[in-house]
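# structure for this input, please:
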Amino acid sequence: MSNESASIVQRVWNYCNVLRDDGVSYGDYVEQLTYLLFLKMADEQTKPPFNKLSTIPKGFDWQSLTSKDGTELETQYRKLLESLGKEKGMLGVIFRKAQNKIQDPAKLKRLTELINNETWMGMDIDVKGEIYEGLLQKNAEDTKSGAGQYFTPRPLIDAMVKVVNPEPGKTINDPACGTGGFIIAAHNYISNPKNFQLDVEQKRFLRNGTFSGKDIVDSVARLCAMNLFLHGIGGDTSPVEVGDSLISDPGIRFDFVLTNPPFGKKSSVTLTNGDGKADKEALTYERQDFWATTSNKQLNFLQHVKTLLKINGKTAIVVPDNVLFEGGAGETVRRKILHECDVHTLLRLPTGIFYAQGVKANVLFFDRKPASETPQTDKLWIYDLRTNKHFTLKTSTLAYKDLEDFVACYNPKNRHERKETDRFKSYTYNELMQRDKANLDIFWLKDESLEDTDNLPPPEILAAEIAENLETALEQFNNIIEELRKKE
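You can find the predicted model right below:
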C-alpha cells in the first residue's frame, strides 16, 4: 500500500475508535463509510472534468447531507438511506436495507466532513481501491465480529489466480463473493500489461461483462459492490447480487469460477415446519443437477460450482478437510467429480492463515469436461503446504513468496509437464479409487513436531487445532444422535 493510501486509511480508521465508544462496531463503521463514500464520489462526478448526470435522486444526494447539522442531519441521513435502498442497479445493491448506525448527530457530521475533505475521484483507481481494501482488511482483523470469514488471504488469492490464468474475453464468477477479493485479483491480473495487451473492446468487456458474483449477506454484498466500484469494475449496474447461490441452477455458465465458500456445514437457510420448529430435513437442497442431497454446505458448493462451469471451464475452490474424507454424500461427490471432471491439483493449506481459527482447508483445481464413459481425471497432483509449516495472523503471516514454489510446481504455462518434488506428488485415478471411500486426505511428509518438541507450533495454533478437533467430534456425535432418532 502506498504511503498516501496508508495515511488516509489510518486517518479514517482512527475515527472508528471514537465511534466504538458509542457501540458502533468495525463492520458497522465500514458500512456507514460505504454509503457516504459512494454519495461523495457520485457528487464529484457531476462536476468538472466529469460533468456526468447524477444517478442519485435530487434531495437524497451528498449536498443534502453537507448542508445540514444536528438532528436535521440525522433525520435526512435516515430518509436518504431508506429512499436509495428502493432504487435499482448499483444504488439498490449498496443501499439495500441500509440503516443509520451512528446515533450521535455531531459524530455523523464529523464523519461527513472527513470524507468531504478528500477529493476521491481525483485519486487513481488503484489508490481508491487500496484505501477501501485497507479498511476491509482492518475490519476482517476484528475476529469478534466474524467479518474475517469473508476475507481470504490476498497472497493465496493471487497465487490461485496466477495458476488458473484467466484470459481476456472470458467470464468469471464467484458464487460466494464476500468482499470481492477473487474478482479484484482476476481483474488486476487480466489488466496487467505484463500478462495481456488489451484492446478497447477487451477493456470494455473487462469492466462491464467479465465478472459476476453473489453473496447471501446484504451487508457483505454491499461492501463487495463498493469494492468493485472503487476498482473500476462495473458501472451503474452492479456485478454483484444478493441471494443464496445454492437455491437453484441459475442457468448461466462461466469460463472460470474462483471462490472460497463459507465454512460451516449447515445451510444458510432454515425452513420451519407447521409447528414453527426448525425442520432439519429441510436444511438440504433438492436439485436435479446435484449428485448427492446433503446439508453439508461445502459439498453443495462443490456440486454447484461444477454446474456453473462451461464445458472445459476451470475452477479453483477452497474446501475444508472434511470434503476430502467424509463418507456418504462426500464419497459420492468425490467419485463423481473425479470421473466427470479433470480434477488435476490439490493444494493442502497450512493452518493459521484464516481469521477463523483452526481452519484446515485446501484448494481444489479442476476443469469441467464433456460427458464420457471413461474417467476424465488422469492424475491428481497434491502439493503439501501444511506439514511443518506454521503461520499466524500477526507474527508470521502468509506471504506470496510462501506460495511461489507451489506456483512453480503447478507450471501454469503447461500443467501437463510437471515433476514430483518433496512437497508435490501425483496419484493416478485408479490409485485414488482404491483408497477407502475415495479419500483424498493424503499426506506423506514426516511431521517434525511429533519427534521434536522444539518444532511445536505456537500455543494459539495448538489451542485452535484442539478446539477444531473437539468441534468436529461433537458434530459427528450430533449426527449419530440425529440418525438414531430417525430410526425411532
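
# contacts for stretch 398-411 next, please.
Residues from elsewhere that reach stretch 398-411, judged by Cβ atoms under 8 Å, 6 or more residues apart in numbering: 153, 155-156, 158-159, 162-163, 345, 347, 350, 352-353, 381, 383, 385, 389, 391, 417-419, 421, 423-424. Backbone N, C-alpha and C define where each C-beta goes, glycine included.

# now those residues: which count as buried?
153, 155-156, 158-159, 162-163, 345, 347, 350, 352-353, 381, 383, 385, 389, 391, 418, 423-424 (16 or more other Cβ atoms under 10 Å).

# just these: which are in helices?
Cross-referencing these against helices under DSSP state H gives P155, L156, D158, A159, K162, V163.

# can you pull the pLDDT of the second one?
At L156, the predicted lDDT confidence score is 96.

# contacts only, for it.
L349, I353, V363, L398, L403.

# ok, it to F325 distance?
Distance, L156 to F325, using Cβ to Cβ, to the nearest Å: 22 Å.

# tell me the buried residues in the helix or strand containing N312?
Here N312 sits within strand 309-320, counting by DSSP states H and E. For strand 309-320, a neighbour-count test (16+ other Cβ under 10 Å) marks L309, G313, K314, T315, A316, I317, V318, V319, P320 as buried.

# same question, stretch 42-53
Here stretch 42-53 shows A42, D43, E44, Q45, T46 as buried, counting by 16+ other Cβ under 10 Å.

# could you save those residues as a markdown table and add columns showing secondary structure?
Shown next, in a markdown table, are the buried residues of stretch 42-53 (DSSP: H, G, I helix; E, B strand; the rest coil):
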| residue | secondary structure |
| --- | --- |
| A42 | helix |
| D43 | helix |
| E44 | helix |
| Q45 | coil |
| T46 | coil |
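
# quick revisit: chain center to the strand holding N312: distance?
Its chain's C-alpha centre and that of strand 309-320 lie 14 Å apart, by Cα atoms, centre = their mean, to the nearest Å.

# residues in contact with it: which ones?
152, 160-161, 163-164, 253-261, 263, 298, 301-302, 305-306, 349, 359-370.

# for stretch 222-232, same thing?
Stretch 222-232 has contacts (Cβ under 8 Å, 6+ apart) with 30-31, 34, 37-38, 90, 93-96, 98, 125-126, 128-129, 131-133, 136, 150, 177-180, 183-184, 187, 207, 211, 213, 215, 234, 238-240.

# are any of those residues buried, and which?
Among the contacts of stretch 222-232, the ones that count as buried (16+ other Cβ under 10 Å) are 30-31, 34, 37-38, 90, 93-96, 98, 128-129, 131-133, 136, 150, 177-180, 183-184, 187, 207, 211, 213, 215, 234, 238-240.

# quick check: which element contains Y77?
Applying DSSP H and E, one finds Y77 within helix 70-84.

# mind checking which of the contacts of stretch 222-232 are in strands?
Among the contacts of stretch 222-232, the members falling in strands (DSSP state E) are F211, G213, D215, V240.

# could you measure from the last one over to C177?
Taken as Cβ to Cβ, the spacing of V240 relative to C177 amounts to 6 Å.
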